[in-house]
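> model this:
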Amino acid sequence: MLQTLPQNLQDNSNYPLIEFVILDYNSSDGLAEWITSEMAGFIKNGKVKFAREPTATSINRSHARNICMHLASGDIICNVDADNLTGRGFASYVNSQLGDHTNRFLSVDYRGKRFRDKSVYGRLAVWKQHFMNVGGYDETMTSYGYEDIDLVSRLSMIGLKNDFIEEQFLNAVDHPESMRTENDPIANTIHRYYVSKISPAQSQIICLFNDGRAEMGTVIPGKDTCTFDNLQIAEGGWLKGCWEDSRRGVTLRGEEWIKSLLRTENPAVLLDPTIVPVLIYELVEPQIYRQIERIHSTATNYTKMCVNRDGGITNPNGGIFGKGNIDVAT
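Down below sits the predicted model:
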């Protein structure tokens, strides 16, 4: 943000009605102090609208974006992620594409072979009335991934034409891949991961949470070969249970899924071959751990996207979305 916002303001200074809505989602990185100090002039002249959500305990991208869209003053709104650079004249370009065309919206060409930078997948411009009609981003997608592609799908379902943003406007600053999920709810609640390989294309993931909850899901290839992290959770979703440490290892209790998937009686003791006759690995290497964490996030959201798309659900939030205890700087 410290690098991109000043540049984006400069690159769109020729558009008189530009407004950047910035939300501090209860972060601890000094954003509020920097914005109110370095961007005070832009806040005063209305080019920047700065707001805080002081009660959030973990990141929910869908909720945060919905708050920003509610706060936006313009008839046309555009999501620009914090690491994105708009390029010179982007606001004028969006207005030229949508200003006289209320039946269309702009997004990244996810299915195109020419552009694969996930950092700009969140870029989307749409008339605010249409965004509100579909309930914005699906706030049940609390993890990383697919919340933007899901919104594109639902806007298309209500009959809007999806045009694609020109590549010259799609740039972002580099950052480590791990930053995408480091503030997700799951990143701070997972105690341990286990994996059991079923076949070259399928694996079972067992997630043990700090509060004693347990989940097991079968990860399979998704239907959309064009999208990133093309994985989803098999029918039935994440199966619930609980766990506790015991003298023999980790004791896992659930419902019938323990018996059917692990081929043993309930409860099961992981990593004890006399109890669980399935080869299960505990993940300990940090790099692999982060990869599984990301799979958990993206596969969960991908599955929710499929429910919306296949069920024809255009407004999964109903009439309540983008709400919170919001403080707007003046």
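> quick one: residue 50 and residue 68, what's the gap?
Residue 50 sits 11 Å away from residue 68, going by CB to CB, to the nearest Å. Yep, even glycine has a C-beta here, placed from its N, CA and C like the rest.
> Also residue 198?
For residue 198 relative to residue 68 (CB to CB), the value is 41 Å.
> Could you check which of those two has the larger neighbour count?
residue 68 (21 against 14; other CB atoms under 10 Å).
> Give me the next element, helix or strand, following the helix or strand hosting the more buried one.
Residue 68 is part of helix 61-71, with elements assigned from DSSP states H and E. Per DSSP H and E, the first helix or strand lying C-terminal to helix 61-71 is strand 76-79.
> how much distance is there from that following strand to the middle of the chain?
Centroid separation for strand 76-79 versus its chain: 17 Å, with CA atoms, centre = their mean, to the nearest Å.
> could you say what helices and strands that strand packs with?
Applying 3 or more CB pairs under 8 Å, 6 or more residues apart in numbering; DSSP states H and E, we find strand 76-79 packed against helix 61-71, helix 90-98, strand 124-127, helix 128-133.
> what's the neighbour count on residue 75?
Residue 75, neighbours per other CB under 10 Å, totals 13.
> Leaving out sequence neighbours, find the closest residue to it.
Using CB to CB, 6 or more residues apart in numbering and skipping the chain neighbours, the partner closest in space to residue 75 is residue 128 (5.7 Å).
> Can you show me the helices along this protein?
Using DSSP state H, the helices of the chain run over 4-11, 31-38, 40-44, 61-71, 90-98, 128-133, 147-157, 256-262, 286-310.
> the inter-axis angle of the fifth one versus helix 4-11?
Think helix 90-98. Between the axes of helix 90-98 and helix 4-11, defined by axes from the mean of the first three to the mean of the last three CA atoms, to 10 degrees, the angle is 70 degrees.
> okay, helix 90-98 in CSV with CA atoms only?
Taking C-alpha atoms only, helix 90-98 is exported to CSV below (Å, rounded to 0.1, in the frame of the first residue of the first chain):
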residue,chain,number,x,y,z
PHE,A,90,-6.9,3.4,-15.6
ALA,A,91,-9.9,5.3,-14.1
SER,A,92,-10.5,7.1,-17.4
TYR,A,93,-10.3,3.7,-19.2
VAL,A,94,-12.9,2.1,-16.9
ASN,A,95,-15.2,5.0,-17.4
SER,A,96,-14.8,4.8,-21.2
GLN,A,97,-15.6,1.0,-21.1
LEU,A,98,-18.6,1.2,-18.7
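> can you pull the buried residues of it?
Within helix 90-98, the residues scored as buried using 16 or more other CB atoms under 10 Å are 90, 91, 93, 94, 95, 97, 98.
> that older thread, TSV for the helices of the chain, including distance to residue 214 and mean pLDDT?
Compiled in TSV, those are given as follows (distance: least, CB to CB, whole Å; pLDDT from 0 to 100):
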stretch	distance to residue 214	mean pLDDT
helix 4-11	40	97
helix 31-38	36	94
helix 40-44	47	96
helix 61-71	26	96
helix 90-98	46	98
helix 128-133	37	98
helix 147-157	26	97
helix 256-262	10	63
helix 286-310	13	82
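> Start and end of stretch 218-238, how far apart?
Length of stretch 218-238, first residue to last, CA to CA, to the nearest Å: 8 Å.
> care to break this structure down by domain?
4-178+318-328, 185-308 (automatic domain parsing).
> least reliable of those domains going by mean pLDDT?
Ranked by mean pLDDT, these end with domain 185-308 in last place, scoring a mean of 74.
> Quick test: name the residue nearest the centre of this protein.
The residue lying closest to the centre of the chain (CA atoms, centre = their mean) is residue 144, at 3.2 Å.
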